[in-house]
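K.L.:
need a 3D model of the sequence below.
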Amino acid sequence: MGVPGIDFPGVGVGLAILRDGKLLLYKRMKAPEAGFWNIVGGKVDHLEPAEQAARREAEEESGLTIGAITYVGMTEQIIAADGQHWVSLLYKTEDVSGEPQLVEPDKLSDFGWFDLDDLPQPLSAFTSSILRFLR
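P.N.:
The predicted model follows:
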């Protein structure tokens, strides 16, 4: 079978969650890009529509309830340092309720709301690729 993103290109999703002009970012603890700040997202499961995957991953990672989301574009990330290759559909939303939490402390170490003009470093390539759709 193999592992998506490692043995063959994986299909992923990312969701930019915005509130009062600020972007929600989480700090990754695992490859790809461990130690980098990232929007919420993850892998699309077999037979799962990408939009549903974006909402599911975002809710699992943040504890927020996600409403309507908008497709903004796609990105391809070949992360040589981690031997990973992902093609990801990107979405954004301001339709969220609740307060973000650290729901997956085994995968994510920190989070916060950041001004688009003052984002933390290092920023994941995945997150950098969505910024042009948010400004």
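K.L.:
name the helices or strands packed onto the helix or strand where Lys27 lies?
P.N.:
Secondary structure assignment for Lys27, by DSSP states H and E: strand 22-28. For strand 22-28, the elements it packs on are strand 10-19, strand 37-38, helix 50-62, strand 108-115, judged by 3 or more CB pairs under 8 Å, 6 or more residues apart in numbering; DSSP states H and E. (C-beta placed from N, C-alpha, C; glycine too.)
K.L.:
just put those in a markdown table and tack on mean neighbour count and mean pLDDT.
P.N.:
Listed next are the helices and strands packed on strand 22-28 as a markdown table, based on neighbours: other CB atoms under 10 Å; pLDDT from 0 to 100:
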| stretch | mean neighbour count | mean pLDDT |
| --- | --- | --- |
| strand 10-19 | 23 | 97 |
| strand 37-38 | 20 | 98 |
| helix 50-62 | 20 | 98 |
| strand 108-115 | 15 | 97 |
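K.L.:
out of these, which gets nearest to Trp86?
P.N.:
Trp86 lies closest, by CB to CB, to one member of the helices and strands packed on strand 22-28: strand 10-19, at 4.7 Å.
K.L.:
before we move on, the earlier item: so which of the helices and strands packed on strand 22-28 comes closest to Gly98?
P.N.:
helix 50-62 (8.2 Å).
K.L.:
which residues sit against the helix or strand just after that closest one?
P.N.:
On the C-terminal side of helix 50-62, the nearest following helix or strand under DSSP H and E is strand 65-66. Strand 65-66 has contacts (CB atoms under 8 Å, 6 or more residues apart in numbering) with Leu15, Ile17, Arg55, Ala58, Glu59, Thr93, Asp95, Val96, Ser97, Gly98.
K.L.:
likewise for stretch 95-108?
P.N.:
By CB under 8 Å, 6+ apart, stretch 95-108 touches 17, 19, 24, 26-30, 60-69, 109-111.
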